[in-house]
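Asker: 3D, please:
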Amino acid sequence: MEKFRDEKLKRYIFNASPFLWGILEATNKPERLKELKTRGFLKSYSNSTNPTYMKVNQDLLIEVGVQGILKQLVIPIITSAFKPEVLAYFHRLWEQGRTPNIKYLIEQQLYHSHKGGKHSPCRDLANIFLQVDTQHEFIERWTVFAGLWFEEIETERRKLSRI
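Answerer: Sure, this is the predicted structure:
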């Protein structure tokens, strides 16, 4: 990975909101730390450890570096959560400056309707790439992660797959 891209991605990791762009299944810090440990990261953390997210990011960067975070965590999670054709479709829309229709997200089981007071216990994977107004059920915009994925990480993923 070029030094410039490495440094750029490091800044994105430090400033990711939500933590690691919301790619983890867990929704609170103790569960996220547990998920990271289950995935083989941060083994030195005890169960009672309560570091800040900044500290977790620093420790992940020290442990595996930017490329390791991408190769061992971000890319596998995204590619297992999203079908290749969905990622390709999202990429085409991204390049056109458009967003997918909410019906498409529901059909692909990436978003569950929140209308009528229904609250799905499922995690909405669409939120990783898209900011959805759940009250009015429309897509507001792409997330920061979407741009990062389509402009930087996907390029790195292609390079890694050639190795």
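Asker: kindly list the longest helix within this structure.
Answerer: With secondary structure taken from DSSP state H, the chain has its longest helix at helix 53-69.
Asker: contacts for it, please.
Answerer: 1, 6, 9-10, 13-14, 16, 19, 29, 33, 36, 41-42, 45, 51, 72-73, 156 (Cβ atoms under 8 Å, 6 or more residues apart in numbering). To be clear about C-beta, it is placed using only N, CA and C from the backbone, and glycine gets the same treatment.
Asker: contact partners for residue 160?
Answerer: Here residue 160 is in contact with 71, 75 (Cβ under 8 Å, 6+ apart).
Asker: between the two ends of stretch 123-137, how far is it?
Answerer: 16 Å (Cα to Cα, to the nearest Å).
Asker: for that stretch, give me every contacting residue.
Answerer: 21-23, 25, 27, 78, 81-82, 90, 99-100, 102, 105, 110-115, 138-143, 145-146, 149.
Asker: ok, now with 7 Å
Answerer: Stretch 123-137 is contacted from outside by 21-23, 25, 81-82, 90, 99, 102, 105, 110-115, 139-143, 145-146, using Cβ atoms under 7 Å, 6 or more residues apart in numbering.
Asker: would you mark the buried spots in that stretch?
Answerer: With burial defined by 16 or more other Cβ atoms under 10 Å, the residues of stretch 123-137 counted as buried are 123, 124, 125, 126, 127, 128, 129, 130, 132.
Asker: in TSV, list these along with secondary structure.
Answerer: What follows is the buried residues of stretch 123-137, written out as TSV (DSSP: H, G, I helix; E, B strand; the rest coil):
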residue	secondary structure
123	coil
124	coil
125	coil
126	helix
127	helix
128	helix
129	helix
130	strand
132	strand
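Asker: and those, which is closest to residue 94?
Answerer: residue 129 (8.7 Å; Cβ to Cβ).
Asker: surely residue 73 is within a strand?
Answerer: No: using three-state DSSP, the assignment for residue 73 is helix, not a strand.
Asker: for the closest residue to it other than its chain neighbours, give me phi and psi.
Answerer: Leaving out its chain neighbours, the residue that sits closest to residue 73 by Cβ to Cβ, 6 or more residues apart in numbering is residue 39, at 6.7 Å. Main-chain torsions, residue 39, degrees, to the nearest 10: phi -80, psi 0.
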